[in-house]
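J.: Can you look at this prediction? I've put the sequence above it.
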Amino acid sequence: MKNTLVAPVAVTAVGLVAGCGIDAEACWLAFGKPPPPARSIQRFATVGLGAGLAHEVDGWDPSRFWNRRTAAYSTRSAQFALKAAQECLQQVEAGRHAGLGIVLGTQFATLHNFHQVLSEPDYMTPLKFLSALPSSIPTNVSIACHLRGISTSVSSSVAGLEAVSYGAELVRDGYLPSVLAGGAEELSQDLYAFCSRAGALAVPGVSAGLVPGEAAGLLLLETLTHAAGAGREPLALLAGWGAAYAPAAEDAEGEAGARALAGALGSAGLDIDQIGAVVCGANGSPECDARQAAALARLGGRPVPVLALKDWTGEVFGAFGAVAVAVAALALARQMLPGDGAPWAAPLEAVLIYDSGWDGNHAAMVLQRIPKGEPTNGPV
């Protein structure tokens, strides 16, 4: 399956929160350094659940950013999403926020609240019940930022990329002139226990596996015409999107991933040799990493740099795709990958993003460079 973005949509602002930094610039600088070691989880007990290591957003304190009760009592993932959204909205006049919508992807962000609702009847209140639903995250962001456009959520293992593609379609089709799109995840004892019981966690010095993390990535998406009218410089064009599915147990050779990648390249009108870098979702799990490597190998082409961001963020599940798009957009705008220290000798024309989940979902996206001096006020 593939979706063709006939009229490319621009990424004009990004916001990031992750264990390696609490804004886009801090994350960019962190990605240019050696990956930080995972640390012992501070927020909840992990006795009997493995090594107890993760990439937490260290010392997160919502009172540093807001004094409003509504923000302080939102879920942790909603707080991350709100912080990333507000970073994007620094580029938008306050009086124009009402025209925006938000599409947000997540996989496990509300799992803890859902379990509390089920297991603790006295915990139940209308607001706490709503916080058990994935849609509560974009709803809280909409309320806090005074957005009046669409507010909806996507829930899957590749939800971040799906949300960005959905947001791009809304803009391309003229439903809204601008949309915030991205993903958010938070660490919880429930999620960590799930990973432990599944045997998926890394055991230092013993076995490979994933290290969980938490993050949010939001992007401001709009047409080039709208961005030019608002005086915003686009970072990159969202040029192509592809998705595919195959049961993981039946796809050791990466066939489904290759279909998703080919779909993204085809809808962007590019071949693999026009890609300057790949941002992939390798998470340390031998099976998942081998499947992604096999999918990329099926495309052939010349060797290109591959950036595995989860070495820095940990496995951030549904948020990863949005974080990867944000980093790819910054790389194209700055004409360098994190840590390169200098622009590429030749233009970095396009970046390919690839994510997959345990459940057999695969998604890919292509971002393209906007040449300096190219008119951005024509029809798109």
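T.: Cool, the structure landed. Numbers count the residues shown, from 1 in each chain.

J.: quick one: contacts of stretch 14-21?
T.: Outside stretch 14-21, the residues within contact range by Cβ atoms under 8 Å, 6 or more residues apart in numbering are 23-24, 26-31, 36, 54-58, 80, 83-88, 182, 213-220, 235, 312-314, 316, 323, 326, 329-330. Backbone N, C-alpha and C define where each C-beta goes, glycine included.

J.: for that stretch, what is the average pLDDT?
T.: Stretch 14-21 shows a mean pLDDT of 96.

J.: Next up, phi/psi of Asp23, please.
T.: Main-chain torsions, Asp23, degrees, to the nearest 10: phi 170, psi 170.

J.: Mind telling me what element the residue lying closest to Leu180 once chain neighbours are set aside is part of?
T.: Leaving out its chain neighbours, the residue that sits closest to Leu180 by Cβ to Cβ, 6 or more residues apart in numbering is Ile102, at 4.3 Å. Assigned by DSSP states H and E, Ile102 falls within strand 101-106.

J.: hmm, back to that, out of the contacts of stretch 14-21, list just those in helices.
T.: Counting by DSSP state H, the part of those found in helices is 24, 26-31, 80, 83-88, 312-313, 323, 326, 329-330.

J.: Return a PyMOL selection command for the buried portion of the residues you listed.
T.: In PyMOL syntax, the buried subset of the ones in helices among the contacts of stretch 14-21 is picked out as below (16 or more other Cβ atoms under 10 Å):
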select buried, resi 24+27+28+30+31+80+83+84+85+86+87+88+312+313+323+326+329+330
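
J.: Check whether the residue nearest to Leu180 really touches Val141, as I assumed.
T.: Yes - shown here, Ile102 and Val141 form a contact pair, counting by Cβ atoms under 8 Å, at 5.6 Å.

J.: for the chain, which spans come out with low pLDDT?
T.: For the chain, applying pLDDT under 70 flags the ranges 1-7, 68-73, 114-115, 117-129, 340-346, 372-380.

J.: Can you pull the domain assignment for it?
T.: 7-230, 238-368 (automatic domain parsing).

J.: Okay, helices next: where are they in the stretch 251-380 of the chain?
T.: Assigned helices in the stretch 251-380 of the chain, in chain order: 255-268, 286-299, 310-313, 320-334 (criterion: DSSP state H, counting those that start in this stretch).

J.: out of those, deepest packed?
T.: Using mean count of other Cβ atoms under 10 Å, the stretch among the helices of the stretch 251-380 of the chain with the greatest mean number of neighbours is helix 320-334 (a mean of 28).

J.: Any figure for the gap between Glu253 and Ala290?
T.: 10 Å (Cβ to Cβ, to the nearest Å).

J.: Equivalent analysis for Val304, please.
T.: Taking Cβ to Cβ, one finds Val304 at 19 Å from Ala290.

J.: For the residue nearest to Leu180, which residues count as its bridge partners?
T.: Beta-bridge pairing for Ile102 (DSSP bridges): Ser151, Leu180.

J.: what's near enough to touch it?
T.: Contacts of Ile102 by Cβ under 8 Å, 6+ apart are 85, 138, 141-142, 147, 149-152, 179-181.
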